[in-house]
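Visitor: structural data only, the sequence is not supplied:
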């Protein structure tokens, strides 16, 4: 009975005669991400479907950016709900294999794709709602932080946070800026230094997510929140969003090449490579 | 039995013989705003009395700025309590008729008066306490946000917020800066994008107002808060206030002409004129 | 049974034969501050022992900076817990006698020492935990604010705050910046203008301190918090801390000489000298 009931139906119908107007629901699906746009409501549903943990590989990031760009340029689309099709995980963050034992050129390409995704998502003119239906560490947390609103399943086993410090690495300044804009300086300082992964209830208390709902109500709630945001005239809302986020977006744009160089220097250090390899070993053993 | 009992008595007494020192309470009243200064306490009471909704017309803004300037230059005055003499409304914000179908010159004059009022109020060396005894949307909210302390009547029918986005317009950057300084970046981002009008209890929870009291206790509480702030030595308090607010004040001063041009360009657009006319029609029908 | 049980034992043992490796606990004690470093844990305990109120005199500040520098340069030290050996007081803040009736040269030397201490403490690469076991006004509060984490004895008779305005003086911009980074702009604005000394429970509610514990549990809790922070790899934690604090540190570094001149001009005013003398008289009468 929700808007998403409609969005989920198959489309376009094979019975539709040629020449008639398009069915109200269009979908495009890549390898890693599935997108369905309900033209009647103007709302797109974007689902991460890259098991086991929706890690943000170069391929995933590229598909993510292209999908956002398509929706951004589609006048029928006004808002996008971002969620996961993989149980228990929203996104595990940047794919560590992209940062291990690769060439300098690869590191540069990968980091540019990370920047690109964030610039598109944090600066999107669409309403962006994260329906966080699983854990969301590091880069996964950044994706949620970059949306306009965050709803999380109230399962205390799901956690979220910029836990880079736990891995021996450092979140870049624009992860930090995005985080500070959401939770304030003090909470960000402590959480980043400790590399905290906050269980959903704690994340809510800190303001890292805006709302907790039972997992089965997550999509319904996301649709209701989206409807509330879409009730506003697009133009005024978009200009307001830009006013709030421009300073932080501009800062990366102004330092983009420098930021790529910093990443390459950092990730190329033997000590960092060792940390990352150890972390990957640990993840493998967990399975 | 409060200080305001005294301040409210008629003055100067017609029975007072000429040549004697002035009575402790002086008042000056313009068309739209009534001001009474209790010289014994150093506290002025400023009451908006421009029915039906204390809208911030060019005339109102000019009187407001002049009244503040008079008090600022009066060594007998150390603090001002700002409230409304109109039931149920503090101020409805900028007068939309000043923005509709007028000349470019008029828009410039109007916007300069809005800037002037904010620069005087946010930068006032006096202690400023807003006794918000009614609803306070948009520019009315800015007036409250620009004070040192906000007390609101705890009536949930009264709401407050920068709801410009609801009208299809955008709050200027210095409205936003003032708001962020009070409620932080995240609350401001969400509230501005949604054009929220927060009922008093919610406004209190967000930190938009500092305190809620029953309506009949509002003036008593405002006097008590003022006494607490006036217990501090003026000089140290003023320098501290300047230190906290200078960056945001300087930003408008540096971009004042540009901000006027932006306003004129924005408000001159046919789409914006249409939005404003529709909003005025809606307001008329409500009556 | 805590780490501090070990750290507190006398060292080096007088029975230790010469030539053997150093005992795991080294201590160095100056006139005003006692420091013990437990080499096995990498944690130093720094205790203010300058009765009656641990006021930050030029001598105290110099010892404090030198102690921090020693620990910073000692590879065996990873974290420092800062507390008081004087009952009921953490530190009363800057020593007013250093600001009264002295030469311009003395004021300059004193202020440079205040700056130096803050630059070292706020910028420390060690984990810094304040165990606030007594009242902590003004400069004492700054010391606590500059640490990574603040635990306070839950005694409501102990208060903490930047109460400079109460004395008729103004906290410098970098006190303010440090405060804003902890409690946010609005709380800082109000607290600084009113020169608030917040009782421990209120300080906790405002986020000025992170945690309250019964006084007898303070050291145990500080050790537990320190262990949690030291569980992170130093390098990532240090880079993260720098990222969070660099802007505010750089601001003082860029304006250091100007800030000293401002202090001298301000403190040399007869009106300020009078305020400070009156405050000192009041303190003497209290005893």
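Guide: Structure received. Because the structure is a prediction, the values reported are computed rather than measured. Numbers count the residues shown, from 1 in each chain, chains lettered A, B, ... in the order given.

Visitor: run through the strands of the stretch 101-250 of chain A in chain order.
Guide: For the stretch 101-250 of chain A, strands defined by DSSP state E, counting those that start in this stretch occupy the ranges A:127-132, A:134-137, A:149-153, A:159-161, A:198-199, A:211-213.

Visitor: what is the helix or strand hosting residue A:46 packed up against?
Guide: Assigning secondary structure by DSSP states H and E places residue A:46 in strand A:43-48. Secondary-structure packing of strand A:43-48 (3 or more CB pairs under 8 Å, 6 or more residues apart in numbering or on different chains; DSSP states H and E): helix A:3-7, strand A:33-38, helix A:58-73, strand A:79-84, helix A:218-230. For glycine as for every other residue, the C-beta is placed from the backbone atoms N, C-alpha and C.

Visitor: let me have the ones you listed in a markdown table, extended by mean neighbour count.
Guide: Below are those laid out as a markdown table (neighbours: other CB atoms under 10 Å in any protein chain shown):
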| stretch | mean neighbour count |
| --- | --- |
| helix A:3-7 | 18 |
| strand A:33-38 | 21 |
| helix A:58-73 | 18 |
| strand A:79-84 | 25 |
| helix A:218-230 | 20 |
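
Visitor: which one of the ones you listed lies nearest to chain B?
Guide: helix A:218-230 (6.6 Å; CB to the nearest CB).

Visitor: what's the closest one packed up against?
Guide: Helices and strands touching helix A:218-230, by 3+ CB pairs under 8 Å, 6+ apart, are helix A:3-7, strand A:43-48, strand A:79-84, strand A:127-132, strand A:149-153, strand A:211-213, helix B:185-194.

Visitor: and the angle for that helix with strand A:33-38?
Guide: With axes from the mean of the first three to the mean of the last three CA atoms, to 10 degrees applied, the angle from helix A:218-230 to strand A:33-38 works out at 60 degrees.

Visitor: how about residues contacting helix A:218-230?
Guide: Contacts to helix A:218-230, defined as CB atoms under 8 Å, 6 or more residues apart in numbering or on different chains, come from residues A:2-4, A:41-43, A:78-79, A:81, A:83, A:127, A:129, A:131, A:133, A:148-149, A:151, A:153, A:211, A:213, A:237, B:193-194.

Visitor: give me the pLDDT for whatever residue of the stretch 51-200 of chain A ends up closest to chain B.
Guide: Per CB to the nearest CB, residue A:181 is where the stretch 51-200 of chain A lies closest to chain B, at 4.7 Å. pLDDT, residue A:181: 98.

Visitor: how about the nearest residue to it, chain neighbours excluded?
Guide: Nearest residue to residue A:181, sequence neighbours excluded (CB to CB, 6 or more residues apart in numbering or on different chains): residue B:185, at 4.7 Å.

Visitor: the one you found - how many residues pack around it?
Guide: When neighbours are counted by other CB atoms under 10 Å in any protein chain shown, residue B:185 registers 21.

Visitor: I figured it hits residue A:243, correct?
Guide: No - counting by CB atoms under 8 Å, residue B:185 does not reach residue A:243; the two are 11.6 Å apart.

Visitor: how far off strand A:79-84 does the strand holding residue A:46 point, in degrees?
Guide: Counting by the same axes, to 10 degrees, strand A:43-48 lies at 20 degrees to strand A:79-84.

Visitor: angle of strand A:43-48 against helix A:58-73?
Guide: Using the same axes, to 10 degrees: strand A:43-48 against helix A:58-73 is 180 degrees.

Visitor: ok, the residue nearest to residue A:68 when sequence neighbours are not counted - contacts?
Guide: Closest residue in space to residue A:68, ignoring its immediate chain neighbours: residue A:120 at 4.7 Å, by CB to CB, 6+ apart. By CB under 8 Å, 6+ apart, residue A:120 lies in contact with A:65, A:68, A:69, A:72.

Visitor: which residues of the stretch 151-287 of chain A lie near chain C?
Guide: A:164-171, A:173, A:176, A:184-186, A:188-190, A:192-195, A:271, A:275 (CB under 8 Å from any CB of the partner chain).

Visitor: filter the residues you listed to the buried ones?
Guide: A:164-171, A:173, A:176, A:184-186, A:188-190, A:192-195, A:275 (16 or more other CB atoms under 10 Å in any protein chain shown).

Visitor: pretty sure residue A:267 contacts residue A:273?
Guide: Yes - in this structure, residue A:267 is within contact of residue A:273 by CB under 8 Å, at 7.5 Å.

Visitor: which one's more surrounded, the two?
Guide: Per other CB under 10 Å, whichever of residue A:267 and residue A:273 has more neighbours is residue A:267, with 19 against 14.

Visitor: burial of residue A:140, as a residue count?
Guide: Neighbourhood size, residue A:140 [other CB under 10 Å]: 28.

Visitor: tell me who's in contact with it.
Guide: Counted by CB under 8 Å, 6+ apart, residue A:140 has contacts A:54, A:56, A:89, A:90, A:91, A:92, A:93, A:160.

Visitor: and residue A:239, by the same measure?
Guide: Taking CB under 8 Å, 6+ apart as the test, what residue A:239 contacts is residue B:170.

Visitor: now residue A:66
Guide: Per CB under 8 Å, 6+ apart, neighbours of residue A:66: residue A:30.

Visitor: re earlier: how about the contacts of residue A:120 in TSV, adding pLDDT?
Guide: Output for the contacts of residue A:120, formatted as TSV (pLDDT from 0 to 100):
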residue	pLDDT
A:65	98
A:68	98
A:69	97
A:72	97
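
Visitor: mind telling me which residue is nearest the centre of chain A?
Guide: In chain A, the residue lying closest to the centroid (CA atoms, centre = their mean) is residue A:143, at 2.4 Å.

Visitor: that one contacts residue A:94, correct?
Guide: No - with contact defined as CB under 8 Å, residue A:143 does not reach residue A:94; the gap is 10.5 Å.

Visitor: tell me, what's touching these two both at once?
Guide: Shared contacts of residue A:143 and residue A:94, defined by CB under 8 Å, 6+ apart, comprise residue A:56.

Visitor: next helix or strand past the worst-scoring helix or strand of chain A on mean pLDDT?
Guide: For chain A, counting by mean pLDDT, DSSP states H and E, helix A:3-7 ranks last in confidence among helices and strands (a mean of 29). The helix or strand immediately downstream of helix A:3-7 is strand A:25-29, counting by DSSP H and E.

Visitor: strand partners (parallel or antiparallel) of that following strand?
Guide: Take DSSP bridges as the rule and strand A:25-29 pairs in its sheet with strand A:33-38 (antiparallel).

Visitor: and the partner strand, how far out from the chain's middle?
Guide: Centroid displacement of strand A:33-38 relative to its chain, using CA atoms, centre = their mean, to the nearest Å, is 15 Å.

Visitor: what do you get for stretch A:77-97?
Guide: 6 Å.

Visitor: check whether it contacts chain C.
Guide: No - on the criterion CB under 8 Å from any CB, stretch A:77-97 is out of touch with chain C, staying 14.7 Å away.

Visitor: one step back: pull the most distant pair out of the contacts of residue A:120.
Guide: A:65 and A:72 (10.2 Å; CB to CB).

Visitor: low-confidence stretches in the stretch 1-150 of chain A?
Guide: Confidence mapping of the stretch 1-150 of chain A against pLDDT under 70 gives the ranges A:1-25.

Visitor: what residues does it have near chain B?
Guide: Within the stretch 1-150 of chain A, the positions lying close to chain B (CB under 8 Å from any CB) are A:148, A:149.

Visitor: closest point of the stretch 1-150 of chain A to chain C, which residue?
Guide: Proximity to chain C, evaluated over the stretch 1-150 of chain A using CB to the nearest CB, is greatest for residue A:138 at 12.4 Å.

Visitor: chain neighbours aside, what residue packs nearest to that residue?
Guide: In space, and not counting its chain neighbours, residue A:138 is closest to residue A:93: 3.2 Å by CB to CB, 6+ apart.

Visitor: which residues in the stretch 151-287 of chain A form helices?
Guide: A:173-183, A:185-194, A:200-206, A:218-230, A:234-254, A:256-268, A:270-286 (DSSP state H, counting those that start in this stretch).
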